[in-house]
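Q: One predicted model, sequence on top.
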Amino acid sequence: MGIELGRVVRLQVQTASLKRGERPNRVYDPAPLLVVARLRVTPRGAAGITDGGETVLDVHNADHPASKHEAGREVSFGFTSHYGKMRAEYGEWVVIGCAGENVLLESERTWRLEDFASGLAFQSAASGATVRLDSVIVADPCVEFSRFSLGDPGASPQQLKPVLQFLGEGTRGYCFTPAGELALVPGDRLVAV
């Protein structure tokens, strides 16, 4: 199909918002993240399937009861290589998956939005079925995740500006709308099309 950008190594859903409290004292808390065995991606968003067979909607899924659905941001992905970059910059507390992406891909290289210009698709390792990723965009970092990355919940706007810039180049991850439906499992691939 195309060049492999990474293999799925972790699937997760945000069961609730990762931001707690009220502005300006809101903080980032990755506790509502739930690692799942499979992830069903649809144009309405992500739904995790646990080892026990329970379906858990991601908070960005349009059908979640407390949905934070936003068009173009239904599902998200990130790379292990980007976590290496974030840990080198900010520290070991920036653990794999804490940024809240639905799909974490193992990769040794850093990817930029322009690398995806030809288009992307997830491909099932078992069946070869694919689903295209429409409207891939940078997952904009929020103030709360930037403060979390710094390890300083009281960081000033001046301290946050370079963090937001660093994370905003795709280091934090990417969002997309799936063009169809596919159930992802570890070992599936993200490919350029």
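A: That came through fine.
Q: and the longest strand along the chain, what does it pack onto?
A: Looking across the chain with DSSP state E, the single longest strand is strand 4-14. Taking 3 or more CB pairs under 8 Å, 6 or more residues apart in numbering; DSSP states H and E as contact, the helices and strands that strand 4-14 lies on are strand 33-35, strand 38-42, strand 45-49, strand 103-106, strand 189-192. Just so you know, the C-beta spots here come from the backbone N, C-alpha and C atoms, and that holds for glycine as well.
Q: can you put those strands in a markdown table and add mean neighbour count, mean pLDDT and distance to R7?
A: Output for the helices and strands packed on strand 4-14, formatted as a markdown table (neighbours: other CB atoms under 10 Å; pLDDT from 0 to 100; distance: least, CB to CB, whole Å):
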| stretch | mean neighbour count | mean pLDDT | distance to R7 |
| --- | --- | --- | --- |
| strand 33-35 | 16 | 98 | 16 |
| strand 38-42 | 22 | 96 | 14 |
| strand 45-49 | 23 | 97 | 18 |
| strand 103-106 | 22 | 98 | 5 |
| strand 189-192 | 19 | 96 | 6 |
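Q: Columns distance to V138 on top of those, output as JSON lines?
A: Below are these laid out as JSON lines (distance: least, CB to CB, whole Å):
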{"stretch": "strand 33-35", "distance to V138": "20"}
{"stretch": "strand 38-42", "distance to V138": "19"}
{"stretch": "strand 45-49", "distance to V138": "18"}
{"stretch": "strand 103-106", "distance to V138": "15"}
{"stretch": "strand 189-192", "distance to V138": "16"}
